[in-house]
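Engineer: sequence and predicted structure below; questions after.
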Amino acid sequence: MKRRDFTNGSVTKNILHLAWPMMVAFTLHVGFNLIDTIFVGRYSALALAAISITFPVIFLIIALASGIGIGVTSFIARLIGAKRVNKAQEVAKHGLILAFFMWVFFACFGLLFAKPLFMYLGAEGEILSMSLRYAYTIFIGSFFMFFAFISNSILRGEGDTKTPMKIMALATVVNIILDPFMIFGLWIFPELGIFGAALATVIARSISAIVVLTYLFKGNALLKLDFKLPKFDFGIIREIFHVGIPASLSQSVMSLGMFFMMKVVSFFGPYAIAAYGLLGRLDSVAILPALGIATAVITIVGQNVGAEKFDRAESTAWKASLLAAAFMELVGVIFFATPRFWISIFNKHPDIISYGISYLRIVSLTYAFIGIGIVMGAAFQGAGKGYPSLALTAVRLFVLSIPLALIFAFVADLGLKGVWIGIMVSIVLSSIIGAIWFSIGTWKKGKHIPIEMPEGLEG
């Protein structure tokens, strides 16, 4: 398969070439979650509240796996840009080893702490019982999910975004087919409710993981992997963690922020909780263009930094930010104009619809700033600098969003509307801070490929 050289040619065309399959893949990923939410919402309002309660904790799986995956993608991209393909193959193998240990850590953490966390969020009675059935199934079944995340990250690092897109499509189709049968008990299946939604998710993710691992080990990718265990290299692990741990922490901080924000929202009742949970899923639809573009930016910036073409890397970041802002603002305008339609897809309870309309009328027109912030963070990560993205996320949530939400809601006595205003203001300010930080150029300094290698070993 002919591979595109992202260190040459049109910057904009390179961004679009990598970004559009990732936009489709992330659309499918969110569609995967939305399908669960829609079917569970139709099953019962209590089930919708239960799945909303689990979302901040389940998000930790995504945070940990995708964060380490970003570290793998960034390192592989920089090595390929520097023409160190053999070392990139070793990095890929180390990434898969990390996938196993991440699963062990997260499964143990989830099984031990899910119940007290859900109770802290206000879950009790039937909602608590349903939340635990859903979460425990996901924790145990996340084994294949971690391998799928890392395998797809390997492919993205080498510049292949079409294969992950196809694999995500397969997982989404499987989930669409299984969800109604397992949740409602259609045909020969028993009615499993929220447990059925979790089980369908695990089965779909497992199939996608098996397919992508088969693709990698059959030699179809640029990086040729085999089943021979690599000589464990702490230098490789350290560099993956150098970007991956801050990226994981950034998303974990986001999950923690959602956890505390859910606590703030819980003061306004169970329907406010349900509304906030489904609004998070609508926001995840809005950021799809930015996520696709940001994933492309990690690879393109990484390969250009590895080739020491810093001007191209910088140009990539700014052009990608403008593209992300334009795409996201378009989605924001659509949500702003027709909020009732989007909320009612999930649930038609009048309180949930009222809370959702209020949120979209306040927050959706600032989506362009979210796009800029996401891409700026990705540009730092592609250059091998993981901590700026973590710092920006922490500032947005804990310095701005949560304090402002509390001030507007309770001090200014604006109620739940004040929470939405606090979120909106924090989005704008944190994105401006990120753009200024990137423009200073500190990401160009330091050693971008720290592992030294003897001459003649690279292909």
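Structural biologist: Perfect, I can see it now.
Engineer: in stretch 430-437, what counts as buried?
Structural biologist: The neighbour-count check on stretch 430-437 (16 or more other Cβ atoms under 10 Å) flags Ser430, Ser431, Ile433, Gly434, Ala435, Trp437 as buried. C-betas here are computed from N, CA, C, even on glycine.
Engineer: can I get those in TSV including secondary structure and distance to Ser66?
Structural biologist: Shown next, in TSV, are the buried residues of stretch 430-437 (DSSP: H, G, I helix; E, B strand; the rest coil; distance: Cβ to Cβ, whole Å):
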residue	secondary structure	distance to Ser66
Ser430	helix	20
Ser431	helix	21
Ile433	helix	23
Gly434	helix	19
Ala435	helix	23
Trp437	helix	22
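Engineer: which among those gets closest to Thr161?
Structural biologist: Closest approach to Thr161 among the buried residues of stretch 430-437 (Cβ to Cβ): Gly434, at 23.9 Å.
Engineer: got a list of what that closest one touches?
Structural biologist: Listed by Cβ atoms under 8 Å, 6 or more residues apart in numbering, the contact partners of Gly434 are Ile372, Gly373, Met376, Gly377, Pro388, Leu392.
Engineer: distance of the closest residue to the fifth one other than its chain neighbours relative to Ile62?
Structural biologist: To tie it back to what came earlier, the one meant is Pro388. Sequence neighbours aside, Phe380 is the residue nearest to Pro388 in space, at 4.3 Å (criterion: Cβ to Cβ, 6 or more residues apart in numbering). Phe380 sits 20 Å away from Ile62, going by Cβ to Cβ, to the nearest Å.
Engineer: neighbour count: these two, which is higher?
Structural biologist: The neighbour comparison of Phe380 against Ile62 (other Cβ atoms under 10 Å) goes to Phe380, with 30 against 20.
Engineer: quick one on the thing from earlier: closest to Arg361 out of the buried residues of stretch 430-437?
Structural biologist: Using Cβ to Cβ, the shortest approach to Arg361 within the buried residues of stretch 430-437 belongs to Ser431, at 20.1 Å.
Engineer: which residues touch the closest one?
Structural biologist: With Cβ under 8 Å, 6+ apart, Ser431 has these contacts: Phe369, Ile370, Ile372, Gly373, Met376.
Engineer: show me the helices in the stretch 301-450 of the chain, by range?
Structural biologist: In the stretch 301-450 of the chain, the helices defined using DSSP state H, counting those that start in this stretch lie at 310-337, 339-344, 350-363, 367-382, 387-394, 402-406, 416-440.
Engineer: figure out how far the second one is from the centre of its chain.
Structural biologist: Helix 339-344 has its average C-alpha position 24 Å from the chain's average C-alpha position, going by Cα atoms, centre = their mean, to the nearest Å.
Engineer: hmm, who's touching that helix?
Structural biologist: So helix 339-344 is contacted by Ala275, Leu278, Leu282, Phe335, Ile352, Ile353, Gly356, Ile357, Leu360, Arg361, Ser364 (Cβ under 8 Å, 6+ apart).
Engineer: switch those residues over to a markdown table; also include neighbour count, distance to Leu34 and pLDDT.
Structural biologist: Output for the contacts of helix 339-344, formatted as a markdown table (neighbours: other Cβ atoms under 10 Å; distance: Cβ to Cβ, whole Å; pLDDT from 0 to 100):
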| residue | neighbour count | distance to Leu34 | pLDDT |
| --- | --- | --- | --- |
| Ala275 | 30 | 15 | 86 |
| Leu278 | 26 | 9 | 81 |
| Leu282 | 23 | 9 | 84 |
| Phe335 | 24 | 14 | 93 |
| Ile352 | 27 | 16 | 88 |
| Ile353 | 19 | 17 | 90 |
| Gly356 | 24 | 14 | 89 |
| Ile357 | 16 | 19 | 91 |
| Leu360 | 25 | 16 | 93 |
| Arg361 | 14 | 21 | 92 |
| Ser364 | 23 | 17 | 90 |
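Engineer: going by distance to Thr316, which of these wins?
Structural biologist: Within these, the smallest distance to Thr316 is 27.4 Å, found for Ser364 (Cβ to Cβ).
Engineer: separation between that closest one and Ala123?
Structural biologist: Ser364 sits 29 Å away from Ala123, going by Cβ to Cβ.
Engineer: hang on, the earlier thing: can you tell me which of the contacts of Ser431 is closest to Met261?
Structural biologist: Ile370 (15.5 Å).
Engineer: quick check, that closest one in contact with Ala286.
Structural biologist: Yes: counting by Cβ atoms under 8 Å, Ala286 is a contact partner of Ile370 at 7.4 Å.
Engineer: mind listing the shared neighbours of those two?
Structural biologist: Residues touching both Ile370 and Ala286 (Cβ under 8 Å, 6+ apart): Met328.
Engineer: quick one on the thing from earlier: what's the farthest-apart pair in the contacts of Gly434?
Structural biologist: Using Cβ to Cβ, these span at most 13.8 Å, a distance reached by Ile372 and Pro388.
Engineer: before we move on, what SS does Ile62 have?
Structural biologist: Going by DSSP: H, G, I helix; E, B strand; the rest coil, the secondary structure assigned to Ile62 is helix.
Engineer: just to check, it is in contact with Ser252?
Structural biologist: No: Ile62 is beyond contact range of Ser252, at 9.8 Å (criterion: Cβ under 8 Å).
Engineer: how about stretch 27-44: buried residues?
Structural biologist: By neighbour count on 16+ other Cβ under 10 Å, the buried set for stretch 27-44 is 27-43.
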